[in-house]
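>>> okay, structure incoming, though there's no sequence with it:
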């Protein structure tokens, strides 16, 4: 099977996911700036966060499949599992936003991020196993520090939302900070992080 | 006519169908885990089932058109009929989910699965007839055991939902088990099933 | 400018239009077959009609741009005008369906069909004019009998909905018959019609 | 990274944005022509305006990336920022339309246009900087008169909506006239404008 059609299908799904979230943004009932800020202000930031996450996945997905020549049934289904996790973003984003960042919806958003990270990890490993001993993807991934730090941050966010300050907003704020931090880590121009990652890996 | 544009269009439609279903998942009104489980828990599983079905069709569609060089008017319209059947999935899935798996919606979901299977079969046969005596698709399809078992399971599901236990949930449960079984049959790594199919076909 | 990206963009828009209409189909509130028939039965047929129309346009669009080497600014904007007309189908289809085929919505649906036909005609002519004296598209189009009959049928449908039986359903029924007839004319295997068209053109 | 996949993804997102706006057009409750005109008449024009803007961006985007060989991380993220701004069009268009062109929503629509223009400018400059001294894009862009006039018009529109006639409709009308004027400037066959631009640039 050619990689190109799997890429085209994934591109389509990711393009739809990233755009569909804006449908959740309902125009405010009032016509003033404060109406906008109160009803959509936070929603916009939430949408931006999920937009960035889907952008990161699209970017990484692209790089990963650049090194894939043949798509097996296993790779195909692992990829569909990843797309399924990502397709839940509009739903979990909307719930988190509508609930005004209540504890459970924030936890579920974190679980969604975690599930997507695990699905991505599975796709990566299915490809590497299929490519065998001299897998070019294994080389490219290296020690995959970013990929390993991300789930730790997601877990930290989930647990702080569950455990810290269950009647207030501090735990939730820490959780969101974790989710934002991971996104920033992936956006920041690769060079700086790459240098750090290289230094760590060279030890 | 080139196959590539038909594939690109089909990919686009399938990508939209598979993603649009998540729009049916409404965020729960409450903010607790039990709200999520009660209002969306089952919906998520239903969405997953339809997601898997569209994934299977995309996968098979891809393999089928890999062996097609020229697209005739007949193939094109048979393919559009297939896409039409698949585009009804979000609707029948939503009805089945919203009705909490009432008898008729489950039957209609089964009818939708059956219609898609028939449409797929028609596309296959239109291609084979067009390719003539030495059709590579006919060779690849073989006796098409999976393709022949699936509609039997759909029919079994439909009839059990109609006939068995019309005031309770047993018939509906059997129907759903049939629909899930077919999906699993298509996902399971081809090798195992292929071996069985090969053995049966060699007799 | 390459034709391929214009085709890819048009494919994307058409794939979305054709799929988005199913979002208009709301699952019935009740759970019985008669609920389905009464609330969605007609809607399904209306959806099917618009689905077929978008399919026809996609098919013809594909054939037309097969003969186009260079895309000028004029072709690009004429094509966008066509896509705009087609993107109104989900809206006019929904209104016609929700109004239970009231006079005005049926007329507006006909106007939408007519507008799309005119836009398509404009795209065709912009391409032919740009290709100059030996335009391959002009040759392929021939006398374009189908393309000239269609708007006449649309107009006949529009006027019969306006003029015939304004308090009953006869005019509307004639209009719908016209709209369905055009769709069938375009679907029917080209050979039969082509033969007739050829005979007429050879006189 | 290949340009083609970035183009394909951008095409997908733009195709969805341009089509999704029609979902905001709700079929009128009544069934008469005046119902249509009163509830959707203006909405249709608003939709047309945003449709044209997305069309313009797609067109320009296409020309710009025609001159790009390699996509860096910076170009990729600048492009995603542009897509994010454009993906807000359905939202700001819907608010402007639903509010019946109240002051703030018109201002926000202008801000959205301005943000998209700035994002486009950033993409352009990131590409030019990356291409270095002999950047083919820099040559093609020239003095970019259109690109520089547009934000001035947006700003003029925004300020007139804010400052002129804050309790009436004159300021808003001027703002809309500015937004429409920019769209027309970009659609009009390039030759005429190009000639003017050329004359100005040759002085």
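In hand now; what should we look at? Predicted model, so just to flag it, every value in this text is computed and none were measured.
>>> interface residues of chain A facing chain B?
Counting by Cβ under 8 Å from any Cβ of the partner chain, chain A comes close to chain B at A:1, A:5, A:8-9, A:12-13, A:15-17, A:20, A:23, A:73-74, A:76-77, A:80, A:83-84, A:87-88, A:90-91, A:94-95, A:98-99, A:102-105, A:108. Any C-beta I mention is one placed from the backbone N, CA and C, and that applies to glycine too.
>>> are any of these buried, and which?
A:5, A:8-9, A:12-13, A:15-17, A:20, A:23, A:74, A:76-77, A:80, A:83-84, A:87-88, A:90-91, A:94-95, A:98-99, A:102-105, A:108 (16 or more other Cβ atoms under 10 Å in any protein chain shown).
>>> not counting residues beside it along the chain, what's closest to the most centrally placed residue in chain A?
For chain A, residue A:53 is the residue whose C-alpha lies nearest the centre (Cα atoms, centre = their mean; 4.2 Å). Once flanking residues are discounted, residue A:53 sits nearest to residue A:183: 6.0 Å by Cβ to Cβ, 6 or more residues apart in numbering or on different chains.
>>> neighbours around that neighbour, how many?
Neighbour count of residue A:183, defined by other Cβ atoms under 10 Å in any protein chain shown: 20.
>>> residues of chain A that sit close to chain D?
A:7-8, A:11-12, A:14-16, A:18-20, A:22-23, A:25, A:27-28, A:31-33, A:35-36, A:40, A:48, A:51-52, A:55, A:58-59, A:62-63, A:66, A:187, A:189-190.
>>> now the longest helix that chain A contains: buried residues?
For chain A, the helix that runs over the most residues, judged by DSSP state H, is helix A:103-131. Neighbour counts using 16+ other Cβ under 10 Å place A:103-117, A:119-124, A:126-128, A:130-131 of helix A:103-131 among the buried residues.
>>> could you give the mean pLDDT of it?
The pLDDT scores in helix A:103-131 average 94.
>>> immediately after it, which helix or strand?
Next helix or strand after helix A:103-131 toward the C-terminus (DSSP states H and E): helix A:136-141.
>>> average pLDDT for the very next helix or strand once past that following helix?
Counting by DSSP H and E, the next helix or strand C-terminal to helix A:136-141 is helix A:145-163. Averaging the model's pLDDT scores along helix A:145-163 yields 91.
>>> just the buried residues of helix A:145-163, please?
A:145-147, A:150, A:153-154, A:156-162.
>>> same thing with stretch A:25-41?
Neighbour counts over stretch A:25-41 (16+ other Cβ under 10 Å) mark A:25, A:27-28, A:31, A:35-36, A:40 as buried.
>>> can you get me the start-to-end distance on it?
With Cα to Cα, to the nearest Å as the measure, the ends of stretch A:25-41 fall 10 Å from one another.
>>> cool, and stretch A:37-44?
With Cα to Cα as the measure, stretch A:37-44 spans 9 Å from end to end.
>>> helices or strands up against the host helix or strand of residue A:183?
Using DSSP H and E, residue A:183 maps to helix A:170-187. Helix A:170-187 sits against helix A:42-66, helix A:103-131, helix A:145-163, with contacts defined as 3 or more Cβ pairs under 8 Å, 6 or more residues apart in numbering or on different chains; DSSP states H and E.
>>> pLDDT below threshold where in chain A?
Along chain A, segments meeting pLDDT under 70 span A:1, A:189-203.
>>> which single residue of it ends up nearest chain D?
Nearest to chain D in chain A, going by Cβ to the nearest Cβ, is residue A:15, at a distance of 3.2 Å.
>>> for that residue, give me its contacts.
Residue A:15 is in contact with B:15, D:9, D:12-13, D:15-16, counting by Cβ atoms under 8 Å, 6 or more residues apart in numbering or on different chains.
>>> host element of it?
Judged by DSSP H and E, residue A:15 forms part of helix A:3-20.
>>> that helix to helix B:42-66, inter-axis angle?
Helix A:3-20 runs at 150 degrees relative to helix B:42-66, counting by axes from the mean of the first three to the mean of the last three Cα atoms, to 10 degrees.
>>> report all helices and strands that the following helix or strand past helix A:3-20 contacts.
The helix or strand immediately downstream of helix A:3-20 is helix A:33-36, counting by DSSP H and E. Contact here means 3+ Cβ pairs under 8 Å, 6+ apart; on that basis helix A:33-36 packs against helix D:103-131.
>>> hmm, the helix it packs on touching chain A?
Yes: contact between helix D:103-131 and chain A, assessed by Cβ under 8 Å from any Cβ, occurs at D:103-105, D:108.
>>> ok, those residues vs residue A:170, which is closest?
Residue A:170 has its nearest neighbour among those in residue D:108, at 32.7 Å by Cβ to Cβ.
>>> now do the contacts for that closest one.
By Cβ under 8 Å, 6+ apart, the contact set of residue D:108 is A:36, D:92, D:95-96.
>>> residue A:140: which of the residues you listed is nearest?
Ranked by distance to residue A:140 (Cβ to Cβ), the contacts of residue D:108 are led by residue D:92 at 40.5 Å.
>>> so does whichever helix or strand that closest one is part of get close to chain C?
With elements taken from DSSP H and E, the one containing residue D:92 is helix D:89-98. No: figure legend: helix D:89-98 not in contact with chain C (Cβ under 8 Å from any Cβ); closest approach 12.5 Å.
>>> re the thing from before, list the buried ones in the helix holding residue A:183?
Judged by neighbour count (16+ other Cβ under 10 Å), helix A:170-187 contains these buried residues: A:171-176, A:178-179, A:182-183, A:186-187.
>>> count the residues that sit near the spatially closest residue to residue A:57 that is not a sequence neighbour.
Once flanking residues are discounted, residue A:57 sits nearest to residue A:86: 6.0 Å by Cβ to Cβ, 6+ apart. If you count neighbours by other Cβ under 10 Å, residue A:86 ends up with 27.
>>> and residue A:86, what is it in contact with?
Neighbour list for residue A:86: A:13-14, A:17, A:54, A:57, A:116 [criterion: Cβ under 8 Å, 6+ apart].
>>> ok, those residues vs chain C, which is closest?
Using Cβ to the nearest Cβ, residue A:13 comes nearest to chain C of those, at 12.4 Å.
>>> mind listing what the closest one touches?
Neighbour list for residue A:13: A:83, A:86-87, B:15, B:18-19 [criterion: Cβ under 8 Å, 6+ apart].
>>> which two among those are spaced furthest apart?
Greatest spacing in the contacts of residue A:13, by Cβ to Cβ: A:86 and B:15 (12.2 Å).
>>> related to what we said a few turns ago, hmm, which two among the contacts of residue A:86 are most spread apart?
Spatially, the most separated pair among the contacts of residue A:86 is A:13 and A:116, at 12.9 Å (Cβ to Cβ).
>>> that's all I had, so thanks and see you.
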